[in-house]
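K.L.:
okay, predicted coordinates and the sequence, questions at the end:
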Amino acid sequence: MKQTELEVTTLVFLGQYDGPCPHCAFHLKKPQSIHCSECGGGLVLSLEKPFRCTSWLLFAFGLIASLGVCIDQVGLFFAAKLYQGAPLVWKWVLPELIFIFVLFVGLFFWWKLRHWSQSRGVVWRRVIGFIGVLMPIIWFNVLFWLFIFTL
Ligand SMILES: [Zn+2]
């Protein structure tokens, strides 16, 4: 069977490799195959971009976690109706649904602003990331106090 260029390059690399299998962590010492001798997992040489916690990612996390907060709270109103027969109070449910819509739209636009956010200066990136981390707490408190003040 003819080997591909990547397989040949991987075998050359593995000829010097002394470390764990990326699948099972079995210690491989200069393996002669592109498969782990312990688990059979494929060994492929690749270049990968290391994970970076960017301000864009923190803000996206904030949007997604805020969606979770809203969905959780609106779910509790519906659970109260299902399990205890409590009436649906639209003055509480409607703001949640509006916020869910706004957050979905915001997430869509934030997805498009990835390059824009990463080209900001250090201060702006920190502000964006900080707001992203605080966003679920802010959304929760806005909704919670809206609920409290309209009891
Ligand atoms: Zn393995």
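P.N.:
Cool, the structure landed.

K.L.:
can we go C-alpha only for contacts and neighbour counts from here?
P.N.:
Fine.

K.L.:
show me the contacts for the residue positioned nearest the centre of the chain.
P.N.:
Nearest residue to the geometric centre of the chain (CA atoms, centre = their mean): residue 61, 6.2 Å. Residue 61 makes contacts with 132-133, as judged by CA atoms under 8 Å, 6 or more residues apart in numbering.

K.L.:
that one and the ion, how far apart?
P.N.:
33 Å (CA to the ion, to the nearest Å).

K.L.:
cool, and residue 136?
P.N.:
For residue 136, the distance to the ion - CA to the ion - is 40 Å.

K.L.:
and residue 141, what pLDDT?
P.N.:
pLDDT for residue 141: 92.

K.L.:
and the longest helix along the chain, how far from the chain's centre?
P.N.:
Within the chain, and with DSSP state H defining each element, the longest helix by residue count is helix 55-84. For helix 55-84, the separation from the chain centroid amounts to 15 Å (computed by CA atoms, centre = their mean, to the nearest Å).

K.L.:
and residue 73, how far is that from the ion?
P.N.:
Taken as CA to the ion, the span from residue 73 to the ion is 44 Å.
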